[in-house]
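J.: missing the sequence, but the structure's below:
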């Protein structure tokens with residue numbers, strides 16, 4: 001019969017698994033100050049149109065208009081709003097003022113909006 005020794009070294013797969021699991025548990029219990037910071041460092045850089053204007057968009061009221069930099073803009077029927085992760089969102093999902101870049105169509109309606117990460121918002125653009 002084999003004798004169990006409690007201070008014996010672990011085999012390599014068990015040691016590796018223990019290291020990975022303890023690292024994941026430690027990261028999960030450490031709070032992040034900025035929830036967007038993790039996305040920004042791992043996200044692929046977006047190619048935002050150079051002609052897009054920058055501003056601060058207020059949460060949409062649901063009336064077919066957007067308020068950017070204090071000015072009310074009509075929303076184009078084919079408008080797209082993209083999140084910081086570059087996913088399409090519906091206007092009512094936006095609950096707080098957010099830094100954006102936007103494009104208008106020939107009629108003066110907002111056609112495309114990109115919500116900016118802190119790094120993207122720091123880059124100079126036309127207003």
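T.: Looks like it came in fine. It should be emphasised that the depicted structure is a prediction, and the values quoted were computed from it without experimental measurement.
J.: output the lowest mean pLDDT helix or strand found in the chain.
T.: helix 37-42 (a mean of 49; mean pLDDT, DSSP states H and E).
J.: which strands and helices lie in contact with the next helix or strand after it?
T.: Next along the chain after helix 37-42, taking DSSP states H and E as the criterion, comes strand 53-57. Counting contacts by 3 or more C-beta pairs under 8 Å, 6 or more residues apart in numbering; DSSP states H and E, strand 53-57 is packed against strand 65-68, strand 98-104. Glycine gets a C-beta too; all of them are placed from N, C-alpha and C.
J.: reformat the ones you listed as CSV; add mean neighbour count and mean pLDDT.
T.: Putting these into CSV (neighbours: other C-beta atoms under 10 Å; pLDDT from 0 to 100) gives the following:
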stretch, mean neighbour count, mean pLDDT
strand 65-68, 19, 94
strand 98-104, 20, 95
